[in-house]
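Peer 1: Here is a sequence together with a model predicted from it:
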Amino acid sequence: MDRIVLITGASRGLGFELAKRFVAAGDIVYGFSRTEKHWKTAGRSLPDANFRLIRCDLTSGRNILSALRKITKSHKRIDILVNNAGYCGRLARVEQTCADELEKHLRQNLMTAFLMCKYVMPGMRTSGQPLIINVSSMAGTRAVPRLFPYSASKFGVLALSQAIAKENEGAALKCITVCPGGMNTQMRQDLFGKEDADRQQKPDFVADVIDRIVQGRIEVLSGGHIVIRHGRITGIYPPPAA
Ligand SMILES: NC(=O)c1ccc[n+]([C@@H]2O[C@H](COP(=O)([O-])OP(=O)(O)OC[C@H]3O[C@@H](n4cnc5c(N)ncnc54)[C@H](OP(=O)(O)O)[C@@H]3O)[C@@H](O)[C@H]2O)c1
């Protein structure tokens with residue numbers, strides 16, 4: 001398809017599954033991650049010149065701008081931005097949660113998505129069909145006990161998408177939110193252990209749904225969100241017109 005796609009957190013998990021689908025569709029995919037730890041494995045299963053990983057810690061605006069310069073040297077526009085990178089700390093009740101932990105979640109999940117949108121959006125204006133996909137969570141639609149900082153940051157991601165959609169009403173730019181339930185990835189394993197992670201839906205399924213949204217086979221209106229749980233789409237908000 002020749003689109004220029006940028007995915008944060010593309011070295012493993014959902015981000016990597018998404019990268020595979022865009023590359024298979026013929027797009028040029030740039031992926032950001034903080035470390036090179038998973039690049040070898042990623043490169044082995046996706047040895048394609050159209051998948052380019054760049055080191056970038058998204059918590060720094062300066063890092064983001066310098067990573068974006070590496071892309072804009074070769075391309076005049078970005079067509080699709082997927083804000084997928086995320087962080088989830090330890091389980092704790094509200095009264096046992098330190099302020100630092102709340103701050104860290106807001107910085108890692110909300111500030112990163114905000115900075116990416118802020119800096120990438122101007123470069124999307126020349127695209128024919130610019131699209132921003134922000135990955136939140138089911139925990140970003142209703143609070144999960146002992147995960148308040150994570151939930152709060154992911155509720156914020158939903159607000160970010162809605163604000164962008166409203167500010168761009170009538171323009172070509174669309175912005176939607178994807179809210180997966182538990183997925184079998186490193187993040188889930190770190191939080192609840194391997195046995196629990198093995199029982200969760202595969203990131204492949206969530207990536208397939210996102211792929212169908214991008215292809216226009218599933219309709220999610222700009223500013224809307226989709227919930228994907230236990231390997232099923234459990235809701236699209238607002239519901240598409242009948
Ligand atoms: N897994 C679940 O059960 C679940 C459920 C609902 C929603 N989600 C959401 O889905 C998204 C993907 O999750 P996942 O489970 O695939 O995560 P994952 O397996 O932990 O992968 C996270 C990816 O993000 C990168 N990353 C993390 N922080 C970063 C930062 N500050 N700067 C740059 N890259 C960063 C990681 O690479 P480095 O470590 O090298 O930076 C990695 O590539 C997240 O937004 C998550 O909150 C996950």
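Peer 2: Perfect, thanks for sending it.

Peer 1: Please count neighbours and contacts with C-alpha atoms only from this point.
Peer 2: Noted.

Peer 1: how about the residues of the protein near the ligand?
Peer 2: The chain has residues 8-15, 32-36, 56-59, 84-87, 108, 135-137, 180-188 near the ligand, with proximity defined as CA under 6 Å from any ligand atom.

Peer 1: Kindly recompute the last result at 5 Å.
Peer 2: Proximity of the chain to the ligand (CA under 5 Å from any ligand atom) is limited to residues 9-14, 33-35, 57-58, 84-86, 137, 180-183, 185-188.

Peer 1: I figured Tyr30 was touching Val5, is that so?
Peer 2: Yes: the pair Tyr30 / Val5 is scored as a contact, 6.2 Å apart, by CA atoms under 8 Å.

Peer 1: Pro47 versus Ala10, what's the distance?
Peer 2: Distance, Ala10 to Pro47, using CA to CA, to the nearest Å: 14 Å.

Peer 1: higher neighbour count, these two?
Peer 2: The residue with more neighbours, out of Ala10 and Pro47 and counting by other CA atoms under 10 Å, is Ala10; that gives 30 against 12.

Peer 1: quick revisit: ChimeraX command for the buried members of the residues of the chain next to the ligand?
Peer 2: Selection command for ChimeraX covering only the buried members of those, criterion 16 or more other CA atoms under 10 Å:
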select :9,10,11,12,13,14,33,57,58,84,85,86,137,180,181,182,183,185,187,188
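
Peer 1: Go through the residues of the chain next to the ligand and flag which are in strands.
Peer 2: Using DSSP state E, the members of those that fall within strands are Ser33, Pro180.

Peer 1: and the helix of greatest length in the chain, what other elements does it pack with?
Peer 2: With residue count as the measure and DSSP state H as the assignment, the chain has helix 148-167 as its longest helix. Judged by 3 or more CA pairs under 8 Å, 6 or more residues apart in numbering; DSSP states H and E, the packing partners of helix 148-167 are helix 99-105, strand 131-135, strand 174-180.

Peer 1: mind redoing it with 7 Å?
Peer 2: Contact partners of helix 148-167 among helices and strands, from 3 or more CA pairs under 7 Å, 6 or more residues apart in numbering; DSSP states H and E: helix 99-105, strand 174-180.

Peer 1: Now do the helices in this protein.
Peer 2: Assigned helices in the chain, in chain order: 13-24, 39-45, 61-72, 99-105, 112-120, 148-167, 186-192, 194-198, 203-214 (criterion: DSSP H).

Peer 1: Isn't Thr59 up against Leu106?
Peer 2: No: taking CA atoms under 7 Å as the definition, Thr59 is not a contact partner of Leu106, at 10.1 Å.

Peer 1: so where is the chain shaky, pLDDT-wise?
Peer 2: 242 (pLDDT under 70).

Peer 1: tell me the centre residue of it?
Peer 2: What sits nearest the mean C-alpha location of the chain, by CA atoms, centre = their mean, is Asn84, with 1.9 Å.

Peer 1: contacting residues for it?
Peer 2: Neighbour list for Asn84: Ile7, Thr8, Gly9, Gly15, Asn134, Val135 [criterion: CA atoms under 7 Å, 6 or more residues apart in numbering].

Peer 1: for the last one, what are its contacts?
Peer 2: To tie it back to what came earlier, the one meant is Val135. So, once contact is read as CA under 7 Å, 6+ apart, Val135 ends up touching Asn83, Asn84, Thr177, Val178, Cys179.

Peer 1: Kindly report the same for the first one.
Peer 2: With contacts defined as CA under 7 Å, 6+ apart, Ile7 is in contact with Gly15, Tyr30, Gly31, Phe32, Leu81, Val82, Asn83, Asn84.

Peer 1: One more: the fifth one?
Peer 2: The contact partners of Asn134, taken as CA under 7 Å, 6+ apart, are Val82, Asn83, Asn84, Val157, Ser161, Ile176, Thr177, Val178.
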